[in-house]
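Enquirer: structure for the following, please:
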Amino acid sequence: MAQITLTDGSCMPNGCRYPLARSSHLQSFVRAHQHLPWAWILARHTLLDVNCSIVPSDQSHLFEGHVSIRHILNSSPRLASSFLNAALPALTRHGFTQLSHFGSWAAQNTASPRRFEPSRNWMAELSTTAPSLRRHLPSLISWLEHLYLGMLLDSSCDETLAIARPLIVIATYRSHEPSQQRPFAASDASMLPLPASLFQARSVTSAAATPNSQVVFSLASYGTSAGILHGELLGIIAAVLLSIHANPQEPYSVLADHKNAVHMIHEVLPGALPHVWNNQPARSLYRWLFSLLHSPTPAPSLVWTAGHTNGLAPECLTNDYVDRMTSYVQERRGVIPSAPLATFSMDDYAMFASGYGFVENNLSSLLISRLEDSYALSDSFRPARALTLALYDSHRLPDLPYTRASSSFSAIVQLYAWSSQLDTAEVPHRRFRDTPALVSFWL
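Expert: Here you go, the predicted model:
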């Protein structure tokens, strides 16, 4: 029912746009209270205040082409303006309604954006079954060829949102420098500065190596949501993939110096209940790593090894090697490829904050910080009305008599007297010099 309500909320009052996305054009859903739960309307207003959105992490239907042309045109005025509207009824009448009927997505390489590539079979079939559309064929082909996958995604243009969940990939950079022959795979990560505050910019790099290959990459695509745990887990994942690729029948053991991650994989997560996963930081990377290590095909064993020991054992030397790789890249501060976001293993609906990234931990801290900023930047904000004096003024209060008054009337009288504004005979005498300073009263 929630999925049906969400679909109705997207296509009925919101022009085929996902209602909990930041890019949604309607600023208020109050009039849609008959179609949407009030809690959703309130959530929408709160998300606007904190510049966040709740993103569906599985949008693979777009990559597979299971989306109607009419839905695309309704959701994107920019795409609708360049589409030949006269052709839409004829296309629908002849059964050409889904994007998959016209072709598929293609890319020159893994780094370039995916662009739609019209199918030659569709062109031939259209010319045969719908002769009236032949004159519109060049315009349709041009519109399809200028269609990019990122144009259809909700809230974020990251194309990993459209990757099917079973398809797990990673973009890596292979160094051509020879590595020392060791019977292990190893990983490590580095982060500067460490520690970093919630919204502080940081540089996180990961490295992995096997006897015949090595890889170094950054976590720039993760933004300020990346931490040292993300770097360590992505390094382990890269080492596992390199180990499987190097020796599929008997992969090398993977060494990692992050004891907590190894403990979680071996002791906590196997057989864990859903609430354990839901409260786990970087849980999308844990899910990815867990699926690799528990796949039906041979998988490497994950072994903890102490780091920074300067030992001469093969395990110590291997760990020191990948540690030097990450440190070298951090010191040079060169531009290296970034690991893709693991959106295919995120929760079905993930929180996304502009200027931060996907939020998998510290959600309450982030929302409180964003709400405080939104409240403080509002034109109606008045510190004296909303906050106690101690929160924005650290000066000690003066020891004045009116601060210890027994009643509000007494405090006001003393306050006016202390500031020389109490209407006594002395005040007009001091100001105008036309009355005596002392006045005698007779009964």
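Enquirer: which residues sit in contact with the spatially closest residue to Pro248 that is not a sequence neighbour?
Expert: Excluding its sequence neighbours, the residue lying closest to Pro248 (CB to CB, 6 or more residues apart in numbering) is Pro298, at 6.8 Å. From N, CA and C alone the C-beta is placed, and that goes for glycine too. Residues near Pro298 by CB atoms under 8 Å, 6 or more residues apart in numbering: 244, 248-251.
Enquirer: helix, strand or coil for Pro298?
Expert: The three-state assignment at Pro298 reads coil, by DSSP: H, G, I helix; E, B strand; the rest coil.
Enquirer: now, of the contacts of Pro298, which are buried?
Expert: 244, 251 (16 or more other CB atoms under 10 Å).
Enquirer: can I get the contacts of Pro298 in JSON lines including pLDDT, secondary structure and distance to Asp373?
Expert: Converted to JSON lines, the contacts of Pro298 look like this (pLDDT from 0 to 100; DSSP: H, G, I helix; E, B strand; the rest coil; distance: CB to CB, whole Å):
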{"residue": "Ile244", "pLDDT": "89", "secondary structure": "helix", "distance to Asp373": "45"}
{"residue": "Pro248", "pLDDT": "84", "secondary structure": "coil", "distance to Asp373": "51"}
{"residue": "Gln249", "pLDDT": "85", "secondary structure": "coil", "distance to Asp373": "55"}
{"residue": "Glu250", "pLDDT": "85", "secondary structure": "coil", "distance to Asp373": "54"}
{"residue": "Pro251", "pLDDT": "87", "secondary structure": "coil", "distance to Asp373": "47"}
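Enquirer: check the nearest residue to Arg115 once chain neighbours are set aside and give its pLDDT.
Expert: In this structure, Arg115 finds its nearest non-sequential neighbour in Tyr148, 5.4 Å apart by CB to CB, 6+ apart. pLDDT, Tyr148: 86.
Enquirer: let's have the chain start at 554 instead
Expert: Renumbered: residue one is now 554, and that last one reads Tyr701.
Enquirer: residues near His861, how many?
Expert: As a burial measure, His861 scores 10 neighbours (other CB atoms under 10 Å).
Enquirer: gap between it and Arg885?
Expert: For His861, the distance to Arg885 equals 21 Å [CB to CB, to the nearest Å].
Enquirer: low-confidence stretches in the stretch 654-803 of the chain?
Expert: By pLDDT under 70, the low-scoring segments of the stretch 654-803 of the chain are 661-664, 707-710, 716-735.
Enquirer: where do the helices sit along it?
Expert: 673-682, 690-698, 781-799 (DSSP state H, counting those that start in this stretch).
Enquirer: can you add distance to Thr713 and give those helices back as a markdown table?
Expert: Shown next, in a markdown table, are these (distance: least, CB to CB, whole Å):
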| stretch | distance to Thr713 |
| --- | --- |
| helix 673-682 | 27 |
| helix 690-698 | 23 |
| helix 781-799 | 13 |
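Enquirer: of the ones you listed, which stretch is the most buried?
Expert: For the helices of the stretch 654-803 of the chain, average neighbour numbers computed from mean count of other CB atoms under 10 Å are highest in helix 781-799, which has a mean of 25.
Enquirer: ok, Ser923 - contacts?
Expert: Careful, residue 923 is Arg and not Ser. Arg923 neighbours (CB under 8 Å, 6+ apart): 602-605, 906.
Enquirer: which among the residues you listed count as buried?
Expert: Here, 16+ other CB under 10 Å leaves 603, 605, 906 buried among these.
Enquirer: tell me the phi and psi of the nearest residue to the last one once chain neighbours are set aside?
Expert: Which is Ala906. Nearest residue to Ala906, sequence neighbours excluded (CB to CB, 6+ apart): Cys605, at 4.6 Å. Dihedral pair for Cys605: phi -130, psi 170, per degrees, to the nearest 10.
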